[in-house]
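I'll drop the sequence and a predicted model, then ask my questions.
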There are 2 protein chains.
Amino acid sequence: MLCHYIWGESVATLSDVAQSAGVSITAASLVLSDAAGAMRISETTARRIREKARELGYHPNAAARRLARRKSDLIGVLAETFSYTIALRRLEATIRALLNNGYQPLVWAADWSDSKWQFAHGILASNGVAGALILGPTNPTSKMEIARRLIDADIPTVSFDAGDGLAGAGVDRRGSFYDLTRAAISAGHTKIGYLEPGAGKSVDTLRVDGIEAAITECEGDVSLVSLRPFAVAASPPPPAQSARELGFQTGHLGADIFLDDDDPPSAVICYCDDVAIAFMHRIQSAGLGVPDDVAVFGFDGLPESSCTYPPLTTVEQPVDQVSAAAVASLLSFIDDSDTASEDYQLFPGSLIIRESSGAIPEYLDTADQDQVGDRREGGELRSAQ
Amino acid sequence: MLCHYIWGESVATLSDVAQSAGVSITAASLVLSDAAGAMRISETTARRIREKARELGYHPNAAARRLARRKSDLIGVLAETFSYTIALRRLEATIRALLNNGYQPLVWAADWSDSKWQFAHGILASNGVAGALILGPTNPTSKMEIARRLIDADIPTVSFDAGDGLAGAGVDRRGSFYDLTRAAISAGHTKIGYLEPGAGKSVDTLRVDGIEAAITECEGDVSLVSLRPFAVAASPPPPAQSARELGFQTGHLGADIFLDDDDPPSAVICYCDDVAIAFMHRIQSAGLGVPDDVAVFGFDGLPESSCTYPPLTTVEQPVDQVSAAAVASLLSFIDDSDTASEDYQLFPGSLIIRESSGAIPEYLDTADQDQVGDRREGGELRSAQ
DNA sequence: CTGAAAGCGCTTACAG
DNA sequence: CTGAAAGCGCTTACAG
């Protein structure tokens, strides 16, 4: 078997293929690179060239090709940390979408200090990436700044969950939190808590807007209280190693605040599933029951949300749709650097009612029920409520 | 601000830098590529060159550099699916380690059908990757075959959790399952269940060996029963979308087998944390208690294992160590393609005793306690057992 | 319709 | 010690 390792000694090059097929390098190149000009080569010759290429185990040298074409098929994929589960699912979907479209991902994982940015930018620039996708940081301000810098450097860039004039795609967080809040109100809660994100994350105004909109709209006597773990914590916990662990910390601290409260909310909507999982955990450790003592709501729809005790009411993100849309948006941006630069697509999440929220009348009686019903298999009851 | 996009019109090249610094291209190249020959350039000149490079926003064209050097700084990172949490944590640690060593990851995520392999190999070959790291598939036979093919193609390759003559690094699964079993025996269990992995995964003989070794060693009257979800399931569940969901399926099916058993084991050691989480979930849904009706043990040490109800006894994998060792092994393989080709390093896991297993006398009384004690913070008791 | 030749932006042996 | 020049493996205008 021939050695395929492209920089090895016995590697077949285009000129080897051309020679052994008895054609010019031009002809071989045209055929093997699927260039438009390939139609000028007769089908018989083309077949012979492809045949020889296979025999010799020919693989085009990507570096040479990029140099000659003056463009790269590499796309930068910038992630903050892989521990944030939803970002990971996006990463996977994104990589698949890129590969399917003939691009290759150059993945970058780092916290976004300024020096890291220099480093990342250097790598992206050196590789002449055709574009970039920003998965993280989750902090919208940093995300925006990174996107701006890349675009200033003429790198077509698209981001997730950004908006604000940046091209990309995301889930409708405002709508999702509106739905969660409406569900809580419909279940009769009149004092609703919102457990905010952890240290280093800025407030997400979209989530808050959604919650407030639902409260305003219902015109009932419903109040909102914010649980701000990191603003209140007497002794801040050690910095979390990952976004996931930060989520757990946040949930635990939020539960401590809840437990210290003389008149706590009867329902708590958490920033995300990670937070909700840890919140429930500590609430239960203290001897309280979910949903009897407090109804809990998450956001993200992680697979494990169906295996928590009790199973978690949450909103599932349409990960594949969002990733595909972001990649599509990037590709159209690359092809036509003007049009798509502000194309931002929002996708709705799907509310999944499970046991952690208690029964939700509105969603058991309306057309919504079917949509919700399908997903209930994941969440058996341990005991009736 | 100058445009940095490497294939754009206004991009600075090496010759621009040389010209503006008033030196030859050779001199500029020597200085800016940190070549050994750079010492021949005077410090003053070198400084001027670096200065100009910065002013012009020069970034070396990676494609040109790879072509001229006849070698690439890209490393293929092959993952099966990102949904397997431990693989993800490894992916992250691996990418960081590569970047820190001056390499860039070319990440590949796919199930490993034969056509996908062709595709992956084509990309790796075209890019002339300096080496490859195999994170997945988790199936050892496929992993081995992929590694062999890559090595046959002269691509230095290292894998995780492989062994069997393949270079790489991994966690000591045999030792970990030995520890888990010893803990179960020490807690007085005489009938121990092992919940095997899901569909498509082959039996892991190392895990089984570890369990059997501990049972043999104790010389007591301890028996082992295997719970084989997918061998028994009357109607196989729909194929899981991800390794993580497969783990949950496995746990649920395992629990069904357990619940149907007239004389079930009093302790169940699960293939991994995902399986254990879902196993506990369904056991509890059926009205049984953990650990009172069955003690449950996991493996991996995922962050969420401390937030389950009850917190999960498990073995934590030394992810960072394993990843760093795998990368180090690969780099030495690349530098010296003979020596390191069979260098396989095993790292021990750390047993973490939490509530799901009930109290373990041996680990409360011995020197092990300290090691274990540190990690207990994650697992509060809801109620005393 | 064809193929020789220039050129992509680097690195590095080699001649001065 | 220095810099002109060859060469890496492709693509693609351009002359025949």
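Alright, I've got the coordinates.

report whether stretch A:179-195 contacts chain B.
No. Judged by CB under 8 Å from any CB of the partner chain, stretch A:179-195 and chain B are separated, with a smallest distance of 14.6 Å. For the C-beta atoms, the positions are set from N, CA and C on the backbone; glycine is no exception.

how far away from the center of its chain is that stretch?
26 Å (CA atoms, centre = their mean, to the nearest Å).

any idea how far apart the tips of that stretch sit?
End-to-end distance of stretch A:179-195 (CA to CA, to the nearest Å): 16 Å.

likewise for stretch A:151-161?
17 Å.

buried stuff in it?
A:151, A:153, A:154, A:155, A:156, A:157, A:158, A:159, A:160, A:161 (16 or more other CB atoms under 10 Å in any protein chain shown).

and if you look at stretch A:62-78?
Buried residues in stretch A:62-78, defined by neighbour count with 16+ other CB under 10 Å: A:62-67, A:71-78.

farthest-apart pair in these, please.
Using CB to CB, those span at most 27.0 Å, a distance reached by A:64 and A:78.

low-scoring stretches of the stretch 51-200 of chain A, by residue?
Applying pLDDT under 70 to the stretch 51-200 of chain A flags residues A:81-84, A:138, A:200.

list, one by one, the residues from it near DNA strand C.
Taking CB under 7 Å from any atom of the strand, the part of the stretch 51-200 of chain A that reaches DNA strand C is made up of A:64, A:67, A:68, A:70.

please name the nearest non-neighbouring residue to the last one.
Taking CB to CB, 6 or more residues apart in numbering or on different chains as the measure, residue A:70 lies nearest to residue B:7, with 4.8 Å between them; neighbours along the chain are not counted.

mind checking how far the one you found is from residue A:108?
Look at residue B:7 and residue A:108: by CB to CB, to the nearest Å, they are 19 Å apart.

more neighbours, those two?
Neighbour comparison, residue B:7 and residue A:108: the larger count goes to residue A:108, with 25 against 17 (by other CB atoms under 10 Å in any protein chain shown).

look at the more buried one and give its secondary structure.
Using DSSP: H, G, I helix; E, B strand; the rest coil, the structure places residue A:108 in strand.

shouldn't it be in contact with residue A:121?
No. Counting by CB atoms under 8 Å, residue A:108 stays clear of residue A:121, with 10.0 Å between them.

intersect the buried residues of stretch A:62-78 with the contacts of chain B.
Answer for the buried residues of stretch A:62-78 near chain B (CB under 8 Å from any CB): A:62, A:63, A:64, A:65, A:66, A:67, A:71, A:72, A:77.

now secondary structure too, for those, in JSON lines please.
Formatted as JSON lines, those follow (three-state DSSP):
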{"residue": "A:62", "secondary structure": "helix"}
{"residue": "A:63", "secondary structure": "helix"}
{"residue": "A:64", "secondary structure": "helix"}
{"residue": "A:65", "secondary structure": "helix"}
{"residue": "A:66", "secondary structure": "helix"}
{"residue": "A:67", "secondary structure": "helix"}
{"residue": "A:71", "secondary structure": "coil"}
{"residue": "A:72", "secondary structure": "coil"}
{"residue": "A:77", "secondary structure": "strand"}
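
on that earlier part again, show me the buried residues of stretch A:151-161 that map onto helices.
Using DSSP state H, the subset of those located in helices is residue A:151.

what distance separates the start and the end of stretch A:346-361?
End-to-end for stretch A:346-361, by CA to CA: 28 Å.

just want the residue of the stretch 101-250 of chain A that's nearest DNA strand D.
Residue nearest to DNA strand D within the stretch 101-250 of chain A (CB to the nearest atom of the strand): residue A:102, separated by 12.9 Å.

closest residue of the stretch 151-300 of chain A to chain B?
residue A:154 (3.6 Å; CB to the nearest CB).

what is the nearest of the buried residues of stretch A:151-161 to residue B:272?
So of the buried residues of stretch A:151-161, ranked by how close each gets to residue B:272 (CB to CB), first place is residue A:160, at 29.0 Å.

tell me where the stretch 151-300 of chain A has strands.
Using DSSP state E, counting those that start in this stretch, the strands of the stretch 151-300 of chain A run over A:157-160, A:168-171, A:191-195, A:223-227, A:267-270, A:295-297.

mind checking which of those strands is nearest residue B:127?
strand A:157-160 (22.9 Å).

that older thread, which one of the buried residues of stretch A:62-78 is nearest DNA strand C?
Among the buried residues of stretch A:62-78, residue A:67 lies closest to DNA strand C (CB to the nearest atom of the strand), at 3.9 Å.

I figured the closest one hits residue B:67, correct?
Yes. Assessed by CB under 8 Å, residue A:67 is found in contact with residue B:67 at 5.8 Å.

how many other residues sit next to residue A:263?
7.

who are the contact partners of it?
residue A:191 (CB atoms under 8 Å, 6 or more residues apart in numbering or on different chains).

now it: how far from DNA strand D?
The gap separating residue A:263 from DNA strand D is 70 Å, by CB to the nearest atom of the strand, to the nearest Å.

with residue A:356 instead?
56 Å.

that residue contacts residue A:292, doesn't it?
No. Using CB under 8 Å, residue A:356 makes no contact with residue A:292, being 10.8 Å away.

those two: which has the busier surroundings?
Legend: neighbour count by other CB under 10 Å for residue A:356 and residue A:292, higher for residue A:356 (27 against 9).

tell me if the strand or helix carrying residue A:27 is near chain B.
Using DSSP states H and E, the element containing residue A:27 is helix A:25-32. No. Among the residues of helix A:25-32, none lie within reach of chain B under CB under 8 Å from any CB; the closest is 11.5 Å away.

off-centre distance for that helix?
On the basis of CA atoms, centre = their mean, helix A:25-32 sits 40 Å off its chain's mean C-alpha point.

buried residues of that helix, list them for me.
Quick answer for helix A:25-32 (16+ other CB under 10 Å): A:27, A:28, A:29, A:30, A:31, A:32.

same check, this time on stretch A:260-268
Buried residues in stretch A:260-268, counted by 16+ other CB under 10 Å: A:264, A:265, A:266, A:267, A:268.

out of the residues you listed, which comes closest to residue A:13?
Taking those together and measuring to residue A:13 by CB to CB, the closest member is residue A:268, at 64.1 Å.

residues in contact with that closest one?
Counted by CB under 8 Å, 6+ apart, residue A:268 has contacts A:192, A:193, A:194, A:195, A:227, A:254, A:258, A:279, A:294, A:295, A:296, A:297.

among those, who's most crowded?
residue A:279 (33 neighbours).

doesn't residue A:252 make contact with that one?
Yes. If you go by CB under 8 Å, residue A:279 and residue A:252 touch, sitting 7.5 Å apart.

who in the stretch 201-350 of chain A is up against chain B?
Applying CB under 8 Å from any CB, we find that the stretch 201-350 of chain A lies next to chain B at A:242, A:244-245, A:248, A:251, A:277-278, A:280-282, A:284-285, A:287, A:303-304, A:306-309, A:311.

apply 10 Å and report the result again.
Applying CB under 10 Å from any CB of the partner chain, one finds that the stretch 201-350 of chain A approaches chain B through A:240-242, A:244-245, A:247-248, A:251-252, A:274, A:277-288, A:290, A:302-304, A:306-311, A:320.

which of those residues are buried? Put it as a ChimeraX command.
Buried members of those, defined by 16+ other CB under 10 Å, are picked up in ChimeraX with:
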select /A:240,244,245,247,248,251,252,274,277,278,279,280,281,282,283,284,285,288,290,302,303,304,306,307,308,309,310,311,320
